[in-house]
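Engineer: this one's sequence-less:
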């Protein structure tokens, strides 16, 4: 359910704030960084868990568990799956890089907040971890892929790179998206199998979103490949 709520919130944010994000990208990065620092500091100190219940049970899980960040990544990845020249592409493409940077900053806050326990236990005492929490191993791969994508999303960095090199690096985003789904399923499916309704809904929503994207992206690739062959033949 949290993922569905996050997707709706992310869509509203993009629709309402598209122009602001484009015109004031640096300010958006700063605000996102400050929010991320507050989440990490509050998590480490424990203060964040003493806030009012309406916040700790609704807003906090979406932020600190990276659900909202993942929803922004979903918008970024779907942008590449829509038909070239479509209204969705024209609306989203101008802020695709900015959204990717914002999502990455929020994701780092999640990894730092939870990594101090899960990453440490993974390498020092894996036997103390539940099987689904060992999915932290996938997080390490995700971080390794995300950081280069994050850094090269800044225009000043991109301009210094060769176009071919930049495009090759960006293709690793497909692996990144796939591993997000794998990571989430490893955590949620075992709990969903215990007939936990909330987790069953989350697994269903994640699966619909990511599998639909995969189908759309593959279809777009095949269509593009077919069109190229037709042009060559003619």
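Structural biologist: That came in fine, so what should we check first? Only a predicted model underlies this, so the values are computations on that prediction, with no experimental measurement involved.

Engineer: which regions of the chain lie under the pLDDT threshold?
Structural biologist: For the chain, the stretches with pLDDT under 70 are 228, 230, 233-234.

Engineer: Which stretches in it count as helices?
Structural biologist: 2-23, 25-45, 53-54, 60-64, 67-79, 87-92, 96-124, 136-151, 155-158, 163-170, 172-192, 197-233 (DSSP state H).

Engineer: Residue 130: which of these is closest?
Structural biologist: Closest to residue 130 of the helices of the chain, according to CB to CB: helix 172-192, at 8.0 Å. To be clear about C-beta, it is placed using only N, CA and C from the backbone, and glycine gets the same treatment.

Engineer: ok, residues contacting that closest one?
Structural biologist: Residues from elsewhere that reach helix 172-192, judged by CB atoms under 8 Å, 6 or more residues apart in numbering: 70, 73, 77, 130-135, 138-139, 141-142, 145-146, 148-149, 199-200, 202-203, 206-207, 210, 213-214, 217.

Engineer: and it, which residues are buried?
Structural biologist: By neighbour count on 16 or more other CB atoms under 10 Å, the buried set for helix 172-192 is 173, 176-177, 179-181, 183-192.

Engineer: again, but for stretch 83-100
Structural biologist: 89, 92, 95, 97-100.

Engineer: Adding distance to residue 125, write these out as CSV.
Structural biologist: Listed next are the buried residues of stretch 83-100 as CSV, based on distance: CB to CB, whole Å:
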residue, distance to residue 125
89, 48
92, 44
95, 43
97, 40
98, 40
99, 37
100, 35
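
Engineer: ok, so of those residues, who is nearest residue 225?
Structural biologist: Scanning those for proximity to residue 225, where the rule is CB to CB, the winner is residue 89, at 18.7 Å.

Engineer: gap between stretch 63-80 and the chain center?
Structural biologist: Chain-centre distance of stretch 63-80: 4 Å, with CA atoms, centre = their mean, to the nearest Å.

Engineer: Could you single out the most deeply buried of the helices of the chain?
Structural biologist: helix 67-79 (a mean of 23; mean count of other CB atoms under 10 Å).

Engineer: for that helix, packing partners?
Structural biologist: Applying 3 or more CB pairs under 8 Å, 6 or more residues apart in numbering; DSSP states H and E, one finds that helix 67-79 contacts helix 2-23, helix 87-92, helix 96-124, helix 172-192, helix 197-233.
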